[in-house]
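Asker: Have a look; sequence and predicted model below, questions after that.
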Amino acid sequence: MNVHFIAIGGSAMHNLAIALHNKGYQVTGSDDEIYEPSRTRLKQKGLLPESVGWFPEKINATIDAIVLGMHAKADNPELLRAQELGLKIYSYPEFLYEQSKHKTRVVIGGSHGKTTITSMILHVMQYHDRDVDYMVGAQLEGFDVMVKLTDDNDFIVLEGDEYLSSPIDRRPKFHLYQSNIALLSGIAWDHINVFPTFEGYVEQFKIFVDSIVKGGSITYNEEDLEVKRVVEASENTIRKLPYHTPEYSVVNGETLLETPEGPLPIEVFGKHNLNNLAGAKWICQHMGVDEDDFYEAIASFKGASKRLEKIGEGMNSIAYKDFAHSPSKVEATTNAVKEQFPDRTVVACLELHTYSSLNADFLKEYKGTLDAADVAVVFYSPHAVEIKKLKEVSQEQIATAFERDDLIIYTNPDDLKNFLFSQNFDNKVLLLMSSGTYGGLDFEEVKNLMV
């Protein structure tokens, strides 16, 4: 099969391209910008385009399928040529469904936790030598690729994103997978640029639950009231299986999970991660892994990339980097670090980087999210606000939104760096939360700050 990728350089797109190449497909692609690690990984497989840009002459009748990435625009010249020729055009999730429509599709959805839960499931499966297909949104330790597709495996585990499918398909990705086994971890308003109201955002999760194949199942976090309401109101003929945070304790900086065999030391920490673990356990059981085998495997799970990822540690200091940027994730991550290290000073630095977080009308959602930190810092770039064509955001608006009198606010990356490098991190924990880079902060240099 001959497949061409429009916007092959994306994180998800290049992984799918590599997965198809590994499966024996003929794969080509184009993009107007390709960054690392996509560039090197595509080059290693012989899939890196010779030239950067769009080349409609590449599009011809020998192509069996076009996969269209979100980075492309609706007027992309290659897309227009494909439409002119009447070629079959798939969004990323549509093509994944085509590749898995004869498999049992396990879809992990939710505003937060889905990458971690998907990663936990895959870790357990790999630990017990159970081969499954998958698509996950982070690079995992022990896994070469973020997408794996075969003809033989019975299960495929899919991280179910609620963001849009493609420039010409405005449906959320997780609506297209038609899951047999689904999980819903939480609902907390995000992607305000696409879903301007909370009600409109929640509606996408209702559609997700209703899209589950009849006779399938939804495992859901009953501690999230919005999730509970959405799932229990659905009239879809599926099994509804609630889960909740298991009992655990924190002793001398180590989290112990309560199991039928007694306390089990685990690598991940924080109430939100224990909640994620409970959801992963039930999904693994649906996939044939019993409880004892799950606990044996999960004890060695260290977390997904950029999710409470330890980037430096000294005798009396430690630094974590986390992808948290939405209000619910920021609050859960900050609370987790303080709970894990109650006797240390927690310095939490949040970068407001996404469209939602820099939207003046959305800022109020961050109220109280940094309250667990002993020292709270917010960084944002006024230039990023301009690029996103948003209304100007003032430091006063940010201070008001977080409702914390001692909040430290920086708009210049050099000022933030000077602050960090002037700190004595003895008996402290540094938590860096962002989907960006704080204007170019060198995390290797941060590592050296730990004493």
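Answerer: Nice, I can see it. For clarity, every value in this text was computed on a predicted model and none was experimentally measured.
Asker: quick one: the residue positioned nearest the centre of the chain and Ser435, what's the gap?
Answerer: The centroid of the chain falls nearest to Thr115 when counting by C-alpha atoms, centre = their mean (4.6 Å). Note on Thr115: its distance to Ser435, by C-beta to C-beta, to the nearest Å, is 12 Å. In this view, the C-beta of every residue, glycine as well, is placed from N, C-alpha and C.
Asker: for Met13, same thing?
Answerer: Plainly put, Met13 is 18 Å away from Ser435 if you go by C-beta to C-beta.
Asker: Which secondary structure state does the residue nearest to the centre of the chain sit in?
Answerer: Applying DSSP: H, G, I helix; E, B strand; the rest coil to Thr115 yields a three-state assignment of helix.
Asker: Neighbour count for Met13 and Ser435, which is higher?
Answerer: Between Met13 and Ser435, Met13 has the larger neighbour count (other C-beta atoms under 10 Å), namely 25 against 15.
Asker: How many residues are close by the closest residue in space to the more buried one that isn't next to it in sequence?
Answerer: Distances taken as C-beta to C-beta, 6 or more residues apart in numbering put Gly69 closest to Met13, at 4.4 Å, once the chain neighbours are dropped. When counting by other C-beta under 10 Å, one arrives at 24 neighbours for Gly69.
Asker: Spit out the contact partners of Gly69.
Answerer: Gly69 is in contact with 5-8, 10, 12-13, 92, 166, counting by C-beta atoms under 8 Å, 6 or more residues apart in numbering.
Asker: Show residues contacting the lowest-mean-pLDDT helix or strand in the chain.
Answerer: Of all regular secondary-structure elements in the chain, judged by mean pLDDT, DSSP states H and E, the least confident is helix 382-387 with a mean of 79. Contacts of helix 382-387 with the rest of the structure, by C-beta under 8 Å, 6+ apart, involve 353, 358, 391-393, 411, 436.
Asker: PyMOL command to pick out the buried ones of those residues?
Answerer: Typed into PyMOL, the line below selects the buried ones among the contacts of helix 382-387, using 16 or more other C-beta atoms under 10 Å:
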select buried, resi 353+358+393+411+436
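Asker: Using CSV, lay out the contacts of helix 382-387 together with pLDDT and secondary structure.
Answerer: Supplementary listing: the contacts of helix 382-387 in CSV, determined by pLDDT from 0 to 100; DSSP: H, G, I helix; E, B strand; the rest coil:
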residue, pLDDT, secondary structure
His353, 85, coil
Leu358, 83, coil
Lys391, 83, coil
Glu392, 83, coil
Val393, 85, coil
Thr411, 92, coil
Gly436, 81, coil
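Asker: Determine which two of the contacts of helix 382-387 are furthest apart.
Answerer: Taking C-beta to C-beta as the measure, these span a maximum distance of 19.7 Å, between Lys391 and Gly436.
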